[in-house]
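S.K.: okay, here's the prediction I keep looking at, along with the sequence it came from:
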Amino acid sequence: MQIQSDVSLLPFNTFGLDVHCRALVTLDSLADLPQLPALVRQYPLVLPLGGGSNMLFCEPFDGLVLLNRLKGIKVTQDEQSYLLEVGAGEGWTELVDWTLAQGMGGLENLSLIPGTVGAAPIQNIGAYGLELKDRCQYVDYLDLQSGECHRLAADACQFGYRDSIFKGQLQGKVLITAVGLRLNKKWTPVLDYAPLSQLTYDGVTPRQVSELVKKVRRAKLPDPSQLGNAGSFYKNPTITKTSFEALKKVYADLPGYEVSPGQIKVPAAWFIDRAGWKGKRLGDAGVHEHQALVLVNHGRARAVDIVELARQIRDDVENKFGVCLSPEIRVIGASGEIPL
C-alpha cells in the first residue's frame, strides 16, 4: 500500500476536473485493510472514492483519498436465487454485463450506469423502474476508526431516493468493501418505465432489456470519456399535490406521479428545460443539448464555473416555478461534502 502526496484527481472524476488532494492511497487487496485505521488517524479528513462519477470537486481536497479498487466476484446459489458477493472496486457496468453473460437476469435495467459497485449503495442507484435496494442483500464495510469489519443487511441501510445510511450517519466513517446481491432465478422483467414499455413481457430476455436501456441512455446521456459530466446533476423533486395542481393549471404538460399520499414527484429536467437552460453555457461549463438534467465540461471548465452554472439554474427554477432543486451528485470542497 503506497501513499502518494499532492495527487491530481483528474483521472478519478468524470467531470474531468484537475483538482488535487493532499494524499491518495490505492486499495487493491483486503490485506491492506488492517493498516488503514492507523493511516486514517494521520489525516483529519478522509474520502473513499470509486469511479468519481458522482462527484464535483470544487477545490483541492485537504485530506486523504482512499481509491477503492477491491475486486472479486463470488457466486453461490439456493433454490430460488443466485447470491453474489462483489468487491467494491468492480465496475458497475462491467458487473451487469458479466451477470448477463452468465445467464443471470435482474440488473439489466441498471445497465451502463457509471461508477463502481461500492458506490452503488451510497446513492442507491436507480434507473428505468429499478433501484439497487431491490436487489441488494447486504453491504460489507470497514470501520475506519476501529478497523472492525461489519455486514449491514439491506433493510438496515436506510435506502431512499438516491440516499442511504452511507450518506448519513456513516458518511466519512466507513469504507465499503463488498456488496451482496440476490438475483432471482425466476426472472421477471421490469418494463413499467416508458422507454421500456415498447417491449412485451412475453418472450423478452434480460439481454434485450439491457440493450434497449443502453440505447436509450446513449441517446440521452453523453459519454464521460468524450464530454465530462457526472450524469444527472439534480434529483427529481417531490412537491405537494396542491403545488402540482397549481402548476398544472399554468403548464398543462407538466408530468408527475404520486409517490405517497399528497406528494407528487416531478422531473427536474422539465423545469430546467422549460426555464430555457438546455444547451446554454457559462464559459466551458454547460447544460447538455439533449438532456437538461446533465451539466457538462466542454473541455476547460473550472469547478467554479460548474458550481456557478448549477446555482444559477437552481435559483432560476425556484424563482420561476417555486420548486427547489437539490443536487444528486456530491459536491466536495476542501474539507469534504458541502451544500451547493
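M.R.: Right, received. Where do you want to start?

S.K.: what's residue 229 sitting at in phi/psi?
M.R.: Main-chain torsions, residue 229, degrees, to the nearest 10: phi -170, psi 170.

S.K.: what's the pLDDT at it?
M.R.: With respect to pLDDT, residue 229 scores 96.

S.K.: the longest strand in this structure is where?
M.R.: strand 174-184 (DSSP state E).

S.K.: got a list of contacts for the following helix or strand past that strand?
M.R.: Next along the chain after strand 174-184, taking DSSP states H and E as the criterion, comes helix 206-220. Residues outside helix 206-220 that contact it (Cβ atoms under 8 Å, 6 or more residues apart in numbering) are 96-97, 100, 104-106, 108-112, 127-128, 187, 189-191, 195-196, 198-199, 290-291. C-beta here means a position set from N, CA and C on the backbone, and glycine is covered the same way.

S.K.: kindly export helix 206-220 (C-alpha atoms) in CSV.
M.R.: Output in CSV follows, covering the C-alpha atoms of helix 206-220 (Å, rounded to 0.1, in the frame of the first residue of the first chain):
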residue,chain,number,x,y,z
PRO,A,206,-32.7,-9.8,-19.9
ARG,A,207,-30.2,-9.1,-22.7
GLN,A,208,-32.9,-7.4,-24.8
VAL,A,209,-33.9,-5.2,-21.9
SER,A,210,-30.2,-4.3,-21.3
GLU,A,211,-29.6,-3.4,-24.9
LEU,A,212,-32.7,-1.1,-25.0
VAL,A,213,-31.6,0.6,-21.8
LYS,A,214,-28.2,1.1,-23.2
LYS,A,215,-29.6,2.5,-26.4
VAL,A,216,-31.8,5.0,-24.5
ARG,A,217,-29.0,6.1,-22.2
ARG,A,218,-26.6,6.6,-25.1
ALA,A,219,-29.1,8.7,-26.9
LYS,A,220,-29.8,10.9,-23.9
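
S.K.: can we start the residue count at 267 from this point?
M.R.: Sounds good: first residue 267 from here, last item helix 472-486.

S.K.: now do that helix, average pLDDT.
M.R.: The model assigns helix 472-486 a mean pLDDT of 94.

S.K.: off-centre distance for it?
M.R.: Relative to the centre of its chain, helix 472-486 is centred 18 Å away, using Cα atoms, centre = their mean, to the nearest Å.

S.K.: check stretch 390-407 too.
M.R.: For stretch 390-407, the distance to the chain centre is 11 Å (Cα atoms, centre = their mean).

S.K.: one more: stretch 336-346?
M.R.: 23 Å.

S.K.: state whether residue 432 is indeed within a strand.
M.R.: No: with DSSP: H, G, I helix; E, B strand; the rest coil as the criterion, residue 432 is helix rather than part of a strand.

S.K.: contacts for the longest helix anywhere in the chain next, please.
M.R.: Longest helix of the chain, by residue count under DSSP state H: helix 569-587. Residues outside helix 569-587 that contact it (Cβ under 8 Å, 6+ apart) are 281, 283, 285, 322-325, 499-500, 513, 534, 537-538, 540-541, 543, 548-553, 561, 563, 589-591, 593, 597, 606.

S.K.: looking at those residues, which are in strands?
M.R.: Reading strands off the contacts of helix 569-587 with DSSP E, I get 322-323, 548, 551-553, 561, 563, 597.

S.K.: now those in CSV, with neighbour count, pLDDT and distance to residue 474?
M.R.: Shown next, in CSV, are the ones in strands among the contacts of helix 569-587 (neighbours: other Cβ atoms under 10 Å; pLDDT from 0 to 100; distance: Cβ to Cβ, whole Å):
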residue, neighbour count, pLDDT, distance to residue 474
322, 25, 96, 35
323, 27, 96, 38
548, 18, 95, 40
551, 24, 97, 37
552, 23, 97, 34
553, 24, 97, 32
561, 31, 97, 32
563, 25, 97, 34
597, 18, 94, 37
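
S.K.: what's near enough to touch residue 295?
M.R.: residue 336.

S.K.: helices or strands next to the longest strand of the chain in the packing?
M.R.: Counting contacts by 3 or more Cβ pairs under 8 Å, 6 or more residues apart in numbering; DSSP states H and E, strand 440-450 packs against strand 312-315, strand 327-334, strand 347-353, helix 386-389, strand 402-409, strand 415-419.
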